[in-house]
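>>> would you be able to build a 3D model of this:
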Amino acid sequence: MTVTEAPQPRTYGNFRKPRTSGLRGLSLGATLLLFAGLIAVVLATLISIWAALGLAVALAVLTAPLAVRDRHGRTLMQRAAVRLAWWRTTSSGGHLYRSGPMGRAGHGTCKLPGLAAESALTEAQDGYGRPFAVITIPATGHHTVVISCDADGAALVDEQQVDTWVAHWGQWLSTLGAEPGLVAVSVTVETAPDSGVRLQQELAANWVAGAPDLARSMLREVLAAYPAGSAQIATRIALTYSGAARPGSPRRGAEDMAVHIGTRLPGLTAGLAMTGAGTAVPMTATELAEAVRVAYDPTVASLVEEARATGGTGLTWDEAGPMAAQEAWDHYRHDGAFSVTWAMTEAPQGEVFSNVLTGLVQPNRDIARKRVTLLYRPHTRAEGARVVQQDYKNALFTAQQSEIGQARDDAEVTAARRTTEEQAQGHGVIRFGLLITATVNSAEELTTAAAAVDNLAPAARIAVRPVYGSQAAAFAAALPLGLVLPLHTALPQTVRDAM
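Numbering: from 1, shown residues only. Next up is the predicted model:
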């Protein structure tokens, strides 16, 4: 008789944030400033010792804001820049938004505020003849299509099936690096209380006049009790393509990109079938406008569901935004709701299981409406090889700076080498982030929601912080709109990485 060992749970990890190429953890810009300052101090000693001392003090004052970091890895210079940007925003009134007939959005419409103010929505058909919406962001030349998924969930599913789903999801993400024109992907899991409108409509459609009294009383009890503790979960995947000019071809508009995206959608949605995403279909223009409208004003959720059952809402993109919005330093007020958005500052460390984010994405009784958005930006094959090789060199450089080897530096070198080996074997390299948006009905509930997120984040093995001074932009980025935040900043990405 042979005894088979029980399969061990599969673990995941090796999430790496690329190391800096500077000295002792300093950025490249701070290292260059330090070396230039030291040379100036040495030359000043030939003139006067007091001049050299003054230069040394000035150098310390200049490099300290670039060297001192908080527990989230942000330097004093970055925090001061955020404060300055927030002061400029409030001074110019940029934190206020008013729309509608008495507003200032133009033509009495309710356009989206902030980064999505200039966005436009069109509709086309894919290779299967399915209608899909295309969001166009003129500032970056990006075009986004949103896929709605009916995720299966991991309840009563064996570990082997979950591992299969995770493997196919990793493969699907890996293929995005070779997707023509794709620049970003976001996965949004939104949880909200179920209003019971759908259940009521389903029962009304199947109600039989001559049904027994027991059956009717039971259904009435179900209709009264079921929505009280139930939740509605929506999963949406946004794919963002660039219409920028390429060698031999001019810049592409919304119509050209709709044709390009329409030919790619059947394959992308078919690839999601093996990832546990369930039925994946592209969202239409009306469905997307409804989802955004409810996000900015959750009080209309039940009205939207009722309208869907009676022929549709007819919402357009110019009606999807809020009537009024006001951004504060630590929260965002939009119509009749208040929201706070957190950003992940540290990915799960060490080895984790496939259910590490389960508690984070599940409904929470302390948060009326919650969105957890994973942001992905895939590297091409060539970019991935360059990034992992540079990260490996930086890890080696950091480890060699200490005469006595440290276990942490050795582990960093080992992890970086493992990443280069996996990339050489054909695995994809992708940048990712995470946003958490908690929406409540009153300002007094913000404290309870913040406490709930503070408890959920450590359980998910991640570190988060509120997006101070940019709550409106972070709220929009957590929606399936295809906003790529690094491309909407005043300083280019390369300059920020060097600071």
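
>>> from now on I want contacts and neighbour counts done on CA atoms only, so please keep to that.
OK.

>>> next one: residue 490 relative to residue 81, how far apart?
Look at residue 490 and residue 81: by Cα to Cα, to the nearest Å, they are 11 Å apart.

>>> between those two, who's got more neighbours?
Neighbour totals were compared for residue 490 and residue 81, and residue 81 leads with 12 against 9 (other Cα atoms under 10 Å).

>>> let me know the secondary structure of that one.
Classification of residue 81 by DSSP: H, G, I helix; E, B strand; the rest coil places it in helix.

>>> please report how far it lies from residue 466.
Distance, residue 81 to residue 466, using Cα to Cα: 16 Å.

>>> and what of residue 349?
Separation of residue 349 from residue 466 (Cα to Cα): 20 Å.

>>> can you pull the buried residues of stretch 86-99?
86, 89, 95-99 (16 or more other Cα atoms under 10 Å).

>>> over to stretch 117-127?
Under 16+ other Cα under 10 Å, the buried positions of stretch 117-127 are 119-121, 123-126.

>>> also stretch 320-332?
Residues 320-329, 331-332 are the ones in stretch 320-332 that count as buried (16+ other Cα under 10 Å).

>>> equivalent analysis for stretch 374-384, please.
Buried-residue list, stretch 374-384, by 16+ other Cα under 10 Å: 374-381, 384.

>>> end to end, how far does that stretch reach?
End to end - Cα to Cα - stretch 374-384 spans 20 Å.

>>> which other residues reach it?
Here stretch 374-384 makes contact (Cα atoms under 8 Å, 6 or more residues apart in numbering) with 173-174, 176-178, 183-188, 423, 428-435.

>>> any of these buried? List them.
Buried subset of the contacts of stretch 374-384 (neighbour count, 16+ other Cα under 10 Å): 173-174, 176-177, 183-188, 423, 428-430, 432, 434-435.

>>> give me the subset of these that lies in strands.
183-188, 430, 432, 434-435 (DSSP state E).

>>> and residue 206, how many residues sit next to it?
8.

>>> look at it and report its pLDDT.
On the pLDDT scale, residue 206 is placed at 72.

>>> which regions of the stretch 101-250 of the chain sit below the pLDDT cut-off?
Judged by pLDDT under 70, the stretch 101-250 of the chain has its weakly predicted residues at 106, 154-155, 195-196, 198-199, 202, 226-229, 247-248.

>>> the same query, at a cut-off of 90, please.
Within the stretch 101-250 of the chain, the segments meeting pLDDT under 90 span 101-111, 114, 117, 126-129, 139-140, 150-167, 170-171, 174-181, 192-233, 243-250.

>>> show me where it has its helices.
159-175, 197-205, 213-229 (DSSP state H, counting those that start in this stretch).

>>> for the stretch 251-400 of the chain, same thing?
Using DSSP H, counting those that start in this stretch, the helices of the stretch 251-400 of the chain run over 254-271, 285-296, 301-309, 358-361, 381-400.

>>> just send the ones you listed back as a markdown table, with mean pLDDT and distance to residue 156 too.
A markdown table is the format used below for those (pLDDT from 0 to 100; distance: least, Cα to Cα, whole Å):
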| stretch | mean pLDDT | distance to residue 156 |
| --- | --- | --- |
| helix 254-271 | 91 | 23 |
| helix 285-296 | 94 | 30 |
| helix 301-309 | 84 | 30 |
| helix 358-361 | 90 | 14 |
| helix 381-400 | 78 | 37 |
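
>>> before we move on, back to that, can you tell me which of the buried residues of stretch 320-332 are in strands?
Counting by DSSP E, the part of the buried residues of stretch 320-332 found in strands is 324-327, 332.

>>> before we move on, back to that, closest one to residue 441 among the helices of the stretch 101-250 of the chain?
helix 213-229 (16.9 Å; Cα to Cα).

>>> what about the nearest residue to residue 178 once chain neighbours are set aside, distance to residue 463?
Excluding the flanking residues, the one nearest residue 178 by Cα to Cα, 6 or more residues apart in numbering is residue 380, at 6.3 Å. Counting by Cα to Cα, the gap from residue 380 to residue 463 is 28 Å.

>>> likewise residue 292?
28 Å.

>>> number of nearby residues for the nearest residue to residue 191 once chain neighbours are set aside?
Spatially, and ignoring its direct neighbours in sequence, residue 191 is nearest to residue 233 (4.6 Å; Cα to Cα, 6+ apart). Neighbour count for residue 233, taken as other Cα under 10 Å: 18.

>>> what's residue 233 in contact with, if anything?
189-192.

>>> if you set the cut-off to 10 Å instead, what comes out?
Under the criterion of Cα atoms under 10 Å, 6 or more residues apart in numbering, the contact list for residue 233 reads 150-151, 189-194, 361-363, 370-371.

>>> is residue 77 in a helix, a strand, or coil?
Look at residue 77: counting by three-state DSSP, its state is helix.

>>> kindly apply the preceding question to residue 472 instead.
Here residue 472 is helix, with the state taken from three-state DSSP.

>>> report how many residues lie close to residue 224.
Residue 224 has 12 nearby residues by other Cα under 10 Å.

>>> that one contacts residue 197, correct?
No: assessed by Cα atoms under 10 Å, residue 224 is found out of contact with residue 197, at 11.1 Å.

>>> quick one: low-confidence residue ranges for the stretch 351-499 of the chain.
In the stretch 351-499 of the chain (pLDDT under 90), the answer is 351-359, 362-366, 368, 379-431, 459, 486-499.

>>> list the contacts for residue 336?
296-300, 322-325, 440-442 are the contacts of residue 336 under Cα under 10 Å, 6+ apart.

>>> ok, of the residues you listed, which one's closest to residue 470?
Once Cα to Cα is applied, the member of these that ends up nearest residue 470 is residue 325, at 13.5 Å.

>>> what sits closest to that closest one if chain neighbours are left out?
Of all residues not flanking residue 325 in the chain, residue 334 sits nearest, at 4.2 Å (Cα to Cα, 6+ apart).

>>> how many other residues sit next to residue 135?
Using other Cα under 10 Å, residue 135 has 27 neighbouring residues.

>>> quick one: the contacts of residue 336 as TSV, columns for distance to residue 132 too.
Below are the contacts of residue 336 laid out as TSV (distance: Cα to Cα, whole Å):
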residue	distance to residue 132
296	22
297	24
298	24
299	26
300	24
322	24
323	27
324	29
325	29
440	31
441	32
442	35
